[in-house]
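Asker: A predicted structure for the sequence below; I have some questions about it.
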Amino acid sequence: MSNNNNDAIDIEPTDEQLATEQHYYSHLQFKADESTLKEKGISRGSILMDVVKQLRTGADLFRISLPSALLAPISMLEYISYFIRPQSYILSAHKAFDPEQRFVSVLKWWLSNTSHTPRGGIMQAKPYNPVIGEVFACKWIHKDPSSGEISKTEFISEQVSHHPPMASGVLLNRKNNLLLNAMIKPKSKFHGNSASIVLDGSITMRFLNQPESELYDIVFPWVVAKGLIWGTQCIEINEDLKITCAGTGYSAKIQFKADNEIKGSIKKDGNRIYKIRGNITGEVRIRSVKTKKESVFFDAKDLEHAPWFVKKVANQKQNESRRVWHKVTKALADGEFEDANVQKNLIEEKQRGLRKKREEAGQSWKQDLFKLKEGTEDEYLFKHDLNSDEYKNKSLGDFIEFLKEDEEEIEFAKKL
């Protein structure tokens, strides 16, 4: 017996709150900095020490309720979208005849996205822990500078489990043959004077006009917030970015070092063919092992992201991320941390009540957009086969209500 997913979230913002919401969603500008905390009579040290008392080294921050002043005003479902934003070179990669060129484009895509990881300080270290059934949907709208043609990259993610927290997502650009599937098990570990966000799970992508065997497996590095208790606050990428394509024999491993320096290589059948080095927030260079020729791989200052479309909160469904957390986000943006705590606790208490109600009724949670892979206990796949005859020519917006084109999106695209 399954639950009614429409009952998942009912802590609703008022119409007045929704009407004035748009300026609250410039996430990279959000930060509970020292001056804001001081104005509110809040000590960063006292907040952090209260949290430390609850923790041990290695503890998972997603399993405790943090004070709102320590939160990034963004759901983890939306946070994931920052790491998969499509760049122009990945959209054209499916046209490359050479699998080596395609692999290099895939690496460039993922590596360049790390250059724009939010680095606003420790107060952006932990996003909201999504409630079960929460959904985040967005689109990137691309306009070809020469032809003026428009293509869209669609992304939707769903919180398929709350204990442990798990999210599934799918990204599709039908016109450019790009498909990505993600099963994310986020962990936020406490390490004494730092905390790390780890996107465990599996991320795979492929080009739909290439053989199914050309499947790219991506292991993403950690995001580390340093200076929790003492020292300079900063956010860095740590550990390794790994990409493998067993079908073509290509692989890459990029090490992230101190001060955003990186070093790594691309291999073919285990043999190194390219060396990569540089600074992820500046210039990254690539060097051919065979020819010794070196060139700029990308320069962070020259990167341009496609316009990003997310429906206004007033036009979203009740279980969409920005609507679920709107009252908390507004309070954080206004520096009203006490009210943010109240609103956050209301959401969490409501979810605990709904979970208890389901358990007492012998009901199980039924995912909306994803289904459990046969033979597994924690691997969820998109419930539609996008390569089947029924869906192979369709965009996600053709059959998923969250992504259906509406007047708001049409007007947005006209301005490009």
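Answerer: Everything's here; your move. Residues are numbered from 1 along each chain as shown.

Asker: buried stuff in the longest helix along the chain?
Answerer: For the chain, the helix with the greatest residue count under DSSP state H is helix 337-361. By 16 or more other C-beta atoms under 10 Å, the buried positions in helix 337-361 come out as F337, D339, A340, N341, Q343, K344, I347, Q351, L354, R355, R358. For every residue, glycine as well, the C-beta is placed using N, CA and C.

Asker: pretty sure L107 contacts S251?
Answerer: No. With contacts counted by C-beta atoms under 8 Å, L107 stays clear of S251, the gap being 9.7 Å.

Asker: re earlier: which is the succeeding secondary structure element to the longest helix of the chain?
Answerer: On the C-terminal side of helix 337-361, the closest following helix or strand by DSSP states H and E is strand 370-372.

Asker: Enumerate every residue touching T232.
Answerer: Applying C-beta atoms under 8 Å, 6 or more residues apart in numbering to T232 gives the contacts K226.

Asker: any idea how far it lies from K226?
Answerer: According to C-beta to C-beta, to the nearest Å, T232 stands 7 Å off from K226.

Asker: And E239, by the same measure?
Answerer: Taking C-beta to C-beta, one finds E239 at 14 Å from K226.

Asker: go on, I218?
Answerer: 25 Å.

Asker: Those two: which is more packed in?
Answerer: More crowded of I218 and K226, by other C-beta atoms under 10 Å: I218, with 22 against 18.

Asker: May I have the phi/psi pair for the more buried one?
Answerer: phi -120, psi 130 (degrees, to the nearest 10).

Asker: residues shared between the contacts of L107 and S251?
Answerer: Taking C-beta under 8 Å, 6+ apart as the contact rule, the neighbours common to L107 and S251 are I243, I266.

Asker: higher neighbour count, these two?
Answerer: When neighbours are counted by other C-beta under 10 Å, L107 and S251 differ, and L107 comes out ahead with 24 against 20.

Asker: before we move on, back to that, could you dump the buried residues of helix 337-361 to JSON lines with pLDDT and distance to I141?
Answerer: Shown next, in JSON lines, are the buried residues of helix 337-361 (pLDDT from 0 to 100; distance: C-beta to C-beta, whole Å):
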{"residue": "F337", "pLDDT": "83", "distance to I141": "35"}
{"residue": "D339", "pLDDT": "90", "distance to I141": "35"}
{"residue": "A340", "pLDDT": "89", "distance to I141": "32"}
{"residue": "N341", "pLDDT": "88", "distance to I141": "37"}
{"residue": "Q343", "pLDDT": "93", "distance to I141": "32"}
{"residue": "K344", "pLDDT": "92", "distance to I141": "32"}
{"residue": "I347", "pLDDT": "94", "distance to I141": "31"}
{"residue": "Q351", "pLDDT": "91", "distance to I141": "34"}
{"residue": "L354", "pLDDT": "92", "distance to I141": "36"}
{"residue": "R355", "pLDDT": "92", "distance to I141": "38"}
{"residue": "R358", "pLDDT": "93", "distance to I141": "39"}
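
Asker: The closest residue to S161 other than its chain neighbours: what's it in contact with?
Answerer: Nearest residue to S161, sequence neighbours excluded (C-beta to C-beta, 6 or more residues apart in numbering): I132, at 6.7 Å. I132 makes contact with A8, Q159, V160, S161, H162, Q351, R355, W365 under the criterion C-beta under 8 Å, 6+ apart.

Asker: Many thanks, have a good one.
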